[in-house]
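# Sharing a sequence plus its predicted fold:
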Amino acid sequence: MRTNAVKTLMQSGGTALIGWAGIGNSYSAELLGHSGFDGVVVDMQHGQVYLDQAVGMLQALSATPAIPMARVTANHFAEINKILDSGAYGVIVPMIDTADDARRVVEAVRYPPRGRRSFGPARGLLYGGQDYPQHADDELLAFAMIETPQAMENLDAIAAVPGLDGLFIGPADLSLALGVSPAPRWREEPLRGAIARILAAARAHGKLAGIFCTGPEMAIDMQAAGFGMLVPGNDAALLRGAAQAACDRIRGAAPTAPKAAY
Ligand code: 3PY
Ligand code: MG
């Protein structure tokens, strides 16, 4: 089976740079895949992406060096099964509150006896290879998003769930969970301390740790903090930032402050 280069890189202590494809288009996903990222996540939760588009985006990513993954809309067994069958090499599952939630993620990602994933790997075979069924359990990544008040209460229990590969922070929802603005102020409390607690819980349980960042500046700080998976903003934010910078430069205008795009 084709190796999951994102998993191998993270497990060896490297930092995976991950593109975030929320524009529901296979060409824009393909462009991200050719931009130097180790992997690209198709964002089905907040991206303008439904399953039909997600399949086309995964197909486009298959022709790039980036490993294709997906953030699903919710902790939904059938949707996780379907996107893995469509060739995603890992899922990031939002709004995980409890260890039971995290166990359900593992059940949806791993085949029996490790989980309950139903058999029918479809595009998984085309992208992964004919021996996909024998190795998928070891190659596919399962990340639980930590971004709710309940998750912060149950952090250790979630991090301890066997078969879960890692924790992934959604800093906007996590900020709301902490009672502050969703525009993440990662250098200030209470977000700063919460991020540190989540990273420590992941490490204590031998789990990988990733975080969505609002741009390269936050990603550089999070790399220094020790995160192994960094998303430096989504495609919409990167496109808007580059387009605005081009206009500002030609007009000789002062650089416009980055605009949020989630
Ligand atoms: C968050 O910041 O809450 C996210 O889910 C990132 O998309
Ligand atoms: Mg979120």
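Alright, I've got the coordinates. Ligands and ions are numbered 1, 2, ... in the order given.
# for the residue of the stretch 51-200 of the chain found nearest ligand 1, what are its contacts?
Shortest the stretch 51-200 of the chain-to-ligand 1 distance, computed as C-beta to the nearest ligand atom: residue-wise this is Gly170, at 2.7 Å. C-beta coordinates here come from the backbone N, C-alpha and C atoms, glycine included. Residues near Gly170 by C-beta atoms under 8 Å, 6 or more residues apart in numbering: 94, 145-147, 212.
# Model confidence for the closest residue in space to it that isn't next to it in sequence, exactly?
Among residues not flanking Gly170 along the chain, Glu147 sits closest, at 3.7 Å (C-beta to C-beta, 6 or more residues apart in numbering). At Glu147, the pLDDT value in this model is 98.
# residue contacts, the residue nearest the centre of the chain?
Nearest to the geometric centre of the chain sits Ile92, at 4.9 Å (C-alpha atoms, centre = their mean). Residues near Ile92 by C-beta under 8 Å, 6+ apart: 41, 69-72, 143, 145, 168, 210.
# Identify the residues contacting the residue nearest to Gly170.
Counted by C-beta under 8 Å, 6+ apart, Glu147 has contacts 94-95, 169-174, 177.
# Out of the residues you listed, which sit inside strands?
Among the contacts of Glu147, the subset assigned to strands under DSSP state E consists of Ile169.
# Can you pick out the ones from the contacts of Gly170 that are in strands?
Cross-referencing these against strands under DSSP E gives 145-146, 212.
# Switch those over to CSV; also include distance to Gly129 and neighbour count.
As requested, those are exported to CSV (distance: C-beta to C-beta, whole Å; neighbours: other C-beta atoms under 10 Å):
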residue, distance to Gly129, neighbour count
Met145, 29, 23
Ile146, 33, 32
Phe212, 30, 30
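# With respect to ligand 2, which of these is nearest?
Using C-beta to the ion, Met145 comes nearest to ligand 2 of those, at 6.4 Å.
# do you know how far the residue lying closest to that closest one once chain neighbours are set aside is from Leu174?
Excluding its sequence neighbours, the residue lying closest to Met145 (C-beta to C-beta, 6+ apart) is Pro94, at 4.6 Å. Pro94 is 11 Å from Leu174, where distance means C-beta to C-beta, to the nearest Å.
# Tell me which of those two has more neighbours.
Taking other C-beta atoms under 10 Å, Pro94 and Leu174 do not tie; Leu174 has more neighbours (27 against 22).
# Backbone torsions only: list them for the residue in the chain positioned nearest to ligand 2.
Here the chain gets closest to ligand 2 at one residue, Gly170, 3.1 Å apart by C-beta to the ion. Main-chain dihedrals, Gly170, degrees, to the nearest 10: phi -100, psi 100.
# part of a helix, is Gln130?
No: Gln130: not assigned to a helix; according to DSSP: H, G, I helix; E, B strand; the rest coil it is coil.
# Just give the number of residues close to it.
Each residue near Gln130 was counted by other C-beta under 10 Å, and the total is 9.
# Asp137 versus that one, what's the distance?
Computed as C-beta to C-beta, the Gln130 to Asp137 distance reads 16 Å.
# residues in contact with the longest helix along the chain?
Determined from DSSP state H, the single longest helix within the chain is helix 235-251. With contact meaning C-beta under 8 Å, 6+ apart, helix 235-251 is reached by 19-23, 28-29, 32, 214-215, 232-233, 253-256, 258-261.
# Off-centre distance for that helix?
On the basis of C-alpha atoms, centre = their mean, to the nearest Å, helix 235-251 sits 24 Å off its chain's mean C-alpha point.
# just to revisit the earlier point, could you export the contacts of Gly170 to a markdown table, including columns for distance to Tyr111?
Converted to a markdown table, the contacts of Gly170 look like this (distance: C-beta to C-beta, whole Å):
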| residue | distance to Tyr111 |
| --- | --- |
| Pro94 | 23 |
| Met145 | 23 |
| Ile146 | 26 |
| Glu147 | 28 |
| Phe212 | 29 |
